[in-house]
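1. quick one, what's the 3D model for this:
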Amino acid sequence: MLIDTHAHLNAEQFDEDRQEVIARAQQNGIRRIINVGFNRETIPTSLALAEQYDFIYSTVGWHPTDAINMKDGDLEWLESLCAHEKVVAIGEIGLDYYWDTSPKDVQDRVFREQIRLARKVKLPIVIHNRDAHHDVVETLREEKASEVGGVMHCFSGSWETAKQCLDLNFYISFGGPVTFKNAKQPKEVLEKVPLDRLLIETDAPYLAPHPYRGKRNESSYVRLIAETAAEIKGLSLEELAEITTRNATKLFNLKTSEMTQK
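-> Take a look at the predicted model:
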């Protein structure tokens, strides 16, 4: 049994065949999916998907590239949604210094506000970090994010950064890029991450694993990421699946009973 810990199945790329994509995931052994809402538009559709399928859960948060669009009252709105039975984390939140869409000071403020919210409602955090490794780690430390912990989504940093995140009570999650032939650093980091802090994800529809690189990603492909992770760790696919499923279930406080479609 596998869990895709980060997907965007409510994205428009799935509008033509969403039901088939979800069915394929189930057929390939993916028993739970954490779907991510990250702004005013995607949070409601992510929640709707989680309400439609028992085995799909949702996160709610404000993405750093959209931080400039966060209005008065939106933080209170997020807080109200945290009481929803299918909301399992705050995210994805963080810092993005690659896309020049939100000023760094606005990203910083929105990031810190949401960490404080997570601590208030006692939910883990899903971190987006692009080209901002130092500032993300320092902010997590300053805002005492270790109290709730969370996951470094689609981790792309060094082992030194990973160690700092582990010390802050965060899991390290790997997606499609770890399967790329030239992905030397992600493979080296995955090899060193303790098994009890390892997660896998797709980030569908983005970052499809080999051999689908450059095409639309989907949750069923998390199996390919699991196979690569198992090979790097010297485990069977079944062992890797059991470990990462246990980790995700613990982090997101998921039901342990079997999930079935409504």
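
2. so where is the protein shaky, pLDDT-wise?
-> Low-confidence segments of the chain, defined by pLDDT under 70: 257-262.

3. residues making contact with stretch 39-52?
-> Here stretch 39-52 makes contact (CB atoms under 8 Å, 6 or more residues apart in numbering) with 8-11, 35-37, 56-60, 62-63, 66, 69, 74, 78, 81, 84, 86-87, 262. Glycine gets a C-beta too; all of them are placed from N, C-alpha and C.

4. go again with 7 Å.
-> By CB atoms under 7 Å, 6 or more residues apart in numbering, the residues outside stretch 39-52 that reach it are 9-10, 35-37, 56-58, 60, 62-63, 66, 69, 74, 81, 84, 86, 262.

5. now, of these, which are buried?
-> Burial by neighbour count, 16 or more other CB atoms under 10 Å: within these this picks out 9-10, 35-37, 56-58, 60, 62-63, 66, 69, 74, 81, 86.

6. among the residues you listed, which lie within strands?
-> Of the buried ones among the contacts of stretch 39-52, the ones assigned to strands by DSSP state E are 35, 36, 37, 56, 57, 58, 60.

7. out of the buried ones among the contacts of stretch 39-52, flag the one nearest to residue 113.
-> Distance to residue 113 across the buried ones among the contacts of stretch 39-52 (CB to CB) is lowest for residue 62, with 8.6 Å.

8. can you give me the distance of that closest one to residue 36?
-> 11 Å (CB to CB, to the nearest Å).

9. which residue ranges form the strands in the protein?
-> 2-7, 30-37, 56-60, 87-96, 125-130, 150-152, 170-174, 198-200.

10. make JSON lines from these and add distance to residue 16 to it.
-> Conversion of these to JSON lines gives the following (distance: least, CB to CB, whole Å):
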{"stretch": "strand 2-7", "distance to residue 16": "17"}
{"stretch": "strand 30-37", "distance to residue 16": "18"}
{"stretch": "strand 56-60", "distance to residue 16": "19"}
{"stretch": "strand 87-96", "distance to residue 16": "25"}
{"stretch": "strand 125-130", "distance to residue 16": "27"}
{"stretch": "strand 150-152", "distance to residue 16": "30"}
{"stretch": "strand 170-174", "distance to residue 16": "28"}
{"stretch": "strand 198-200", "distance to residue 16": "26"}
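
11. tell me which of those strands sits nearest to residue 143.
-> Each of these was scored for nearness to residue 143 using CB to CB, and the closest is strand 125-130 (9.8 Å).

12. where's residue 195 relative to residue 156, distance?
-> Taken as CB to CB, the span from residue 195 to residue 156 is 20 Å.

13. so those two - more neighbours on which side?
-> Neighbours were counted for residue 195 and for residue 156 using other CB atoms under 10 Å; residue 156 has more, 19 against 13.

14. phi, psi of the more buried one?
-> When read as degrees, to the nearest 10, the backbone of residue 156 gives phi -130, psi 10.

15. give me the contacts around stretch 211-231.
-> With CB under 7 Å, 6+ apart as the test, stretch 211-231 has contacts from 2, 4, 7, 9, 13, 21, 24-25, 28-30, 33, 174-176, 178-180, 190, 200-209, 236-237, 239-241, 244.

16. do the same with stretch 185-204
-> 4-9, 151, 153-156, 158-159, 162, 166, 171-178, 217-219, 221-222, 225-226, 229, 232-233, 243-244, 247-248.

17. report the buried residues of that stretch.
-> In stretch 185-204, the ones that count as buried by 16+ other CB under 10 Å are 186-187, 189-190, 193, 197-204.

18. now stretch 148-159
-> Neighbour counts using 16+ other CB under 10 Å place 148, 149, 150, 151, 152, 153, 154, 155, 156, 157 of stretch 148-159 among the buried residues.
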